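Chemist: generate a structure from the sequence data that follows.
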Amino acid sequence: MPQIKPGLEQMIADPPAWLAGRRLGLLCNPASVDRFYRHAKDLISQRFPGRLTALFSPQHGFYSEKQDNMVESGDRLDPETGLPVYSLYGKTRVPTPEMFNRIDVLIIDLQDVGTRVYTFATTVSYCLETAKKVGIPVLVLDRPNPVNGIQVEGNRLSEEFTSFVGRYPIPMRHGLTLGEYANYINELYDIGCQLEVTPMKGWRRRMYFSDTALPWVPPSPNLPTFQSAMVYPGQVILEGTNISEGRGTTTPFEVFGAPFIDPRKILSLMGGREFPGGILRPVSFEPMFHKWKNKTCYGFHVHITRPAAYNAYRTSLKLVQAIMYDSPEDFQWRGPPYEYEWERLPIDLITGNDKIRERLERLEPVEAIEADWLAEVNAFQKETEPYRLYEQ
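Modeler: All right, here's what the predicted structure looks like:
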């Protein structure tokens, strides 16, 4: 296996000449580390003494300490460096031109998880727009798509359902690295920022994070393991329901359930405990916070046995529909607010339109729903091909 070096390591070893003499800002969080667990702010401070002048944080905070959605972080001083940390998930989610007054270049080093609703990509898009407005360049230090760069799943977001959990018409599981995504939106959606991506060395599209030998540092509190990131592109739809997605447990998104679920009936509706690429193991759990706090929930632990055969979005849609069918009186769609949207249903923001919810309610087979977005997936893959930086 080739040694995988993230963009951070590549940039530190061979920085672009145009960085010389410029003041640097860094958008990062605890997962912004090299393969020896050294953090980007420390490596950049050592490589460019005195030139790191501002830090920026995405959702969940600079130290990834905020558990839930719509829990804001304030601006602060970093106690280690004394630098200001500007929160991009606080009083504003769009960086102001004034935040960029202290810097000449914005460096972005974030571990994305390859899923449309993960908000880091939206934060990056806002950064590109503000950087364009004030005339400073952006350097993205690329990292692996942990769920590989080949598989693309789900419908494209409909324009009328844009939100902080989806700005552009891309599928749920998009198959891009954050650097590729930045290049794609910057050009195709006419942001026009001066943008450069430092690619990884050794990464291939077919790789899952477990193939990289890089350390998994949770990019957010409820993705503690690579396995949680694997199921996330599907299990995130549970955020739009009254089913616990496992927040308040040690295995969020991998486990899910509710007091009203009968695992035996759900397994019967699903055709048994095995599904393509994995196994449903019945479990009981009590969330310590969030939905059904201190209530016994019945549900499943999703175990992935063959990642290449696993379609997260399809599997989770089937599970939700089975629970809807078996518990029509107890199952509910969660109401707003959700990620600063106060009127539209969270499930519609998450799936990217209201048609999927309506078709699930009519108990249309998920395979039929999926068939209608295959052309969208193919079009997206062709559309993004010029922006792909890595071979299979």
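Chemist: tell me the centre residue of the protein?
Modeler: Within the chain, one residue has its C-alpha closest to the average C-alpha position: by C-alpha atoms, centre = their mean, that is Y118, at 2.9 Å.
Chemist: now do the SS call for that one.
Modeler: Reduced to three states with DSSP: H, G, I helix; E, B strand; the rest coil, the structure at Y118 is coil.
Chemist: which ones are touching it?
Modeler: With contacts taken as C-beta atoms under 8 Å, 6 or more residues apart in numbering, Y118 has the following neighbours: 112, 232. Every C-beta, even on glycine, is put in place using the N, C-alpha and C of the backbone.
Chemist: helix, strand or coil for N353?
Modeler: Reduced to three states with three-state DSSP, the structure at N353 is coil.
Chemist: one more: the one 4 residues further on?
Modeler: Classification of R357 into helix, strand or coil gives helix, according to three-state DSSP.
Chemist: repeat that for the one 10 residues further on.
Modeler: Assigned with three-state DSSP, E367 falls in the helix class.
Chemist: quick one: pLDDT of the residue nearest to the centre of the chain?
Modeler: According to the per-residue confidence, Y118 scores 97 in pLDDT.
Chemist: what of the one 5 residues further on?
Modeler: Per-residue confidence for T123 comes out at a pLDDT of 98.
Chemist: please enumerate the strands of the stretch 201-350 of the chain.
Modeler: According to DSSP state E, counting those that start in this stretch, the stretch 201-350 of the chain carries its strands in the segments 255-258, 274-275, 278-285, 297-304.
Chemist: pick the most buried one from these.
Modeler: Ranked by mean neighbour count, the strands of the stretch 201-350 of the chain are led by strand 255-258 with a mean of 26 (mean count of other C-beta atoms under 10 Å).
Chemist: how about that one as PDB, C-alpha atoms only?
Modeler: In PDB, the C-alpha atoms belonging to strand 255-258 read as follows (Å, rounded to 0.1, in the frame of the first residue of the first chain):
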ATOM      1  CA  VAL A 255     -27.300   2.400  16.300                       C
ATOM      2  CA  PHE A 256     -30.800   3.700  15.900                       C
ATOM      3  CA  GLY A 257     -34.200   3.000  17.400                       C
ATOM      4  CA  ALA A 258     -37.200   4.200  19.300                       C
END
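Chemist: could you dump the strands of the stretch 201-350 of the chain to TSV with distance to I150 and mean pLDDT?
Modeler: As requested, the strands of the stretch 201-350 of the chain are arranged in TSV below (distance: least, C-beta to C-beta, whole Å; pLDDT from 0 to 100):
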stretch	distance to I150	mean pLDDT
strand 255-258	26	98
strand 274-275	20	98
strand 278-285	18	98
strand 297-304	16	98
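Chemist: export those to a markdown table and append columns for distance to D348.
Modeler: Compiled in a markdown table, those are given as follows (distance: least, C-beta to C-beta, whole Å):
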| stretch | distance to D348 |
| --- | --- |
| strand 255-258 | 20 |
| strand 274-275 | 25 |
| strand 278-285 | 26 |
| strand 297-304 | 23 |
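Chemist: what about the closest residue in space to S316 that isn't next to it in sequence, neighbour count?
Modeler: The shortest distance from S316 to any residue that is not its chain neighbour, by C-beta to C-beta, 6 or more residues apart in numbering, is 3.1 Å, and that residue is G234. G234: 26 surrounding residues under other C-beta atoms under 10 Å.
Chemist: mind listing what's buried along stretch 238-253?
Modeler: 238-249, 251-253 (16 or more other C-beta atoms under 10 Å).
Chemist: out of these, flag the one nearest to R264.
Modeler: Proximity of the buried residues of stretch 238-253 to R264, judged by C-beta to C-beta, is greatest for I243, which lies at 16.9 Å.
Chemist: which non-adjacent residue is nearest that closest one?
Modeler: On the basis of C-beta to C-beta, 6+ apart, the spatially nearest residue to I243 that is not a chain neighbour turns out to be A258, at 4.9 Å.
Chemist: which other helices and strands does the helix or strand of the chain with the lowest mean pLDDT contact?
Modeler: Ranking every helix and strand in the chain by mean pLDDT, DSSP states H and E puts strand 76-77 at the bottom, with a mean of 94. If contacts are counted by 3 or more C-beta pairs under 8 Å, 6 or more residues apart in numbering; DSSP states H and E, strand 76-77 sits against strand 84-87.
Chemist: now do the contacts for the residue nearest to I243.
Modeler: For A258, the contact set (C-beta under 8 Å, 6+ apart) comprises 242-244, 291-292, 297-299, 323, 327, 330.
Chemist: any idea what it is bridged to?
Modeler: Under the criterion DSSP bridges, A258 forms beta bridges with Y298.
Chemist: now A322. Nearest residue, chain neighbours left out?
Modeler: For A322, the nearest residue in space outside its immediate sequence neighbours is L269; the separation is 4.1 Å by C-beta to C-beta, 6+ apart.
Chemist: now do the one you found against V320, distance only.
Modeler: From L269 across to V320, the span is 11 Å (C-beta to C-beta, to the nearest Å).
Chemist: K41: neighbouring residues, count only.
Modeler: Under the criterion other C-beta under 10 Å, the count of neighbours that K41 has is 21.
Chemist: that one should be in a helix, yeah?
Modeler: Yes: assessed with three-state DSSP, K41 lies in a helix.
Chemist: my read is that it contacts C28, right?
Modeler: Yes: shown here, K41 and C28 form a contact pair, counting by C-beta atoms under 8 Å, at 6.4 Å.
Chemist: returning to what we had before: the residue nearest to S316 against I304, yeah?
Modeler: No: using C-beta under 8 Å as the test, G234 is too far from I304 to be in contact (10.8 Å).
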